[in-house]
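# Prediction below, plus the sequence it came from.
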Amino acid sequence: MTKKTQRAKARAEKKPRIGEEHIRPDGSVIRYVREEDDDRKPVDHYRTVDTLALMLRNGSITGAMHDAGQQFSQDFARAFASGVASPKLDGLPGGTAPGQMMVERNAGAARAVRDALEAVGGSGSPAGSALWYVAGLQMSIRDWALRDGWNGKRVEKNEAKGILVAALGVLARYYGYERAPRPRRERSTHA
């Protein structure tokens, strides 16, 4: 084996650093991590970065908002159990199009996703777009903001994060994880 071939082979076998992140073509973020297997042996592998968990950890969202986002994400995954998730917001299966067949569980999940999107302003709203791409397709906020954004227009990262936070707040109330604040009563002053 020549030295050139040996160097090429060594480069190919070089492991990434723990914590190194990459953005996949679908927009999701993966991080190289070290965890223990069932036998308590260290295993290095890539793990998808959970944007909602990161936001909860850094205090950007409440536990109720995180749980609402997780419920949306789970419904989204069930709606696309066939493994075919459309990057288009109108790609929900189970519509009235002729010839579409789905298992009832998937259809119920698709209705739940559609209803949740309507609760935040519809699939064409900034909040609906943020939920679809970030909570549904597991795209990073940054990638959603730069690649797809809202209505095909790029959005600044901080603005995108704000849109997602607002969407999760509405979603938390919609799912019942968080109650709407009670209106304050005026104190009557009798003289």
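Nice, I can see it.

# Do a quick rundown of the strands in the chain.
21-23, 29-36, 42-48 (DSSP state E).

# ok now the first one, how far from the chain's centre?
To tie it back to what came earlier, the one meant is strand 21-23. In terms of CA atoms, centre = their mean, to the nearest Å, the centre of strand 21-23 is set 16 Å apart from its chain centre.

# and the lengthiest helix in the chain, C-alpha only, in PDB?
Secondary structure of the chain per DSSP state H: the longest helix is helix 157-175. Below are the C-alpha coordinates for helix 157-175, written out as PDB (Å, rounded to 0.1, in the frame of the first residue of the first chain):
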ATOM      1  CA  LYS A 157     -32.900  33.700  13.000                       C
ATOM      2  CA  ASN A 158     -34.100  35.600  16.100                       C
ATOM      3  CA  GLU A 159     -37.400  36.400  14.300                       C
ATOM      4  CA  ALA A 160     -37.700  32.700  13.400                       C
ATOM      5  CA  LYS A 161     -37.200  31.700  17.000                       C
ATOM      6  CA  GLY A 162     -39.800  34.200  18.100                       C
ATOM      7  CA  ILE A 163     -42.300  32.800  15.600                       C
ATOM      8  CA  LEU A 164     -41.700  29.300  16.900                       C
ATOM      9  CA  VAL A 165     -42.000  30.300  20.500                       C
ATOM     10  CA  ALA A 166     -45.300  32.100  19.800                       C
ATOM     11  CA  ALA A 167     -46.600  29.100  17.900                       C
ATOM     12  CA  LEU A 168     -45.600  26.700  20.800                       C
ATOM     13  CA  GLY A 169     -47.400  29.000  23.200                       C
ATOM     14  CA  VAL A 170     -50.600  28.900  21.300                       C
ATOM     15  CA  LEU A 171     -50.200  25.200  20.800                       C
ATOM     16  CA  ALA A 172     -49.700  24.600  24.500                       C
ATOM     17  CA  ARG A 173     -53.100  26.300  25.200                       C
ATOM     18  CA  TYR A 174     -54.800  24.500  22.300                       C
ATOM     19  CA  TYR A 175     -53.700  21.100  23.600                       C
END
